[in-house]
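J.: Generate a structure from the sequence data that follows.
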Amino acid sequence: MEYINIVTPQEEVNRKGSRVWIQMNDNSRAKSCREEFVTKYGGFFKQQNKIWVWVSPVTEQNGYWLKNIHTNEKVFFTSMAVFGKEHGLTSVKICELLNGKRKTYKGWTASEVRAVKETTGQHIKAKEPKKKKVLVPKIVNLQNTETGEIIVVTNIKQFAKQHGIFPGNLYKLVNGKAKVVKNFKLHTPLS
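T.: Sure thing, here's the model as predicted:
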């Protein structure tokens, strides 16, 4: 048996060249596709150079919004230190803007006032949900070399226990590292 990761549209939307990415960027109806995607999965799209990148609701919850006074442009960022270096701000002043203690600073104001941790240390941030995995049974066709009988095996451990075979040796047979184990070989239609 093997685990297969389920690929969701949320993972595919930012993978360049995927079908969902093309719908959001290179399609004539890209704007309506992006709006539909946001209503279904939440978050928002931001433009980086020529492409649109989706920001998940969890990332949005962990990030911050500031507004430029001169251009009225809302800017989203996740790291105060990086944003501060790019725009000549300090993390302390950004926190004061976001907490509402300061109205403006160097041309920036808070687009939404919310509590930001006042003490030093890291925030407890929301986490992305774990990727879902599906257990797919590995179906193997084995052939008895003495009788020529073909056996379909769905549970290798159980088959090994029934026939008195060490499961590790049977896995070696299935993976191609061994040719024959206790009169059983891997059956291929061409053989």
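J.: Skipping adjacent residues, who's closest to residue 163 in space?
T.: Excluding its sequence neighbours, the residue lying closest to residue 163 (CB to CB, 6 or more residues apart in numbering) is residue 182, at 6.8 Å. All C-beta spots, glycine's among them, are computed from the backbone N, C-alpha and C.
J.: Distance of that neighbour relative to residue 78?
T.: Shown here: residue 182 relative to residue 78, a distance of 57 Å by CB to CB, to the nearest Å.
J.: And residue 19, by the same measure?
T.: Per CB to CB, residue 19 is found 27 Å from residue 78.
J.: Among the two, which residue is more densely surrounded?
T.: When neighbours are counted by other CB atoms under 10 Å, residue 78 comes out ahead of the other of residue 19 and residue 78, with 13 against 10.
J.: related to what we said a few turns ago, next up, phi/psi of the residue nearest to residue 163, please.
T.: Dihedral angles of residue 182 (phi, psi; degrees, to the nearest 10) stand at phi 50, psi 60.
J.: dump the residue contacts of it.
T.: Residue 182 is in contact with 163-165, 169, counting by CB atoms under 8 Å, 6 or more residues apart in numbering.
J.: Can you add pLDDT and neighbour count and give those residues back as TSV?
T.: Output for the contacts of residue 182, formatted as TSV (pLDDT from 0 to 100; neighbours: other CB atoms under 10 Å):
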residue	pLDDT	neighbour count
163	88	15
164	90	7
165	90	17
169	89	15
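J.: What about those residues, which are in helices?
T.: 163, 169 (DSSP state H).
J.: which of the contacts of residue 182 lies closest to residue 127?
T.: Checking the contacts of residue 182 against residue 127 with CB to CB, the nearest one is residue 169 at 41.2 Å.
J.: need the contact list for the closest one.
T.: Contacts of residue 169 by CB under 8 Å, 6+ apart are 160, 178, 181-182.
J.: do the same with residue 54
T.: By CB under 8 Å, 6+ apart, residue 54 lies in contact with 10, 13-14, 24, 37, 43-45.
J.: mind checking which helix or strand residue 24 is in?
T.: helix 19-25 (DSSP states H and E).
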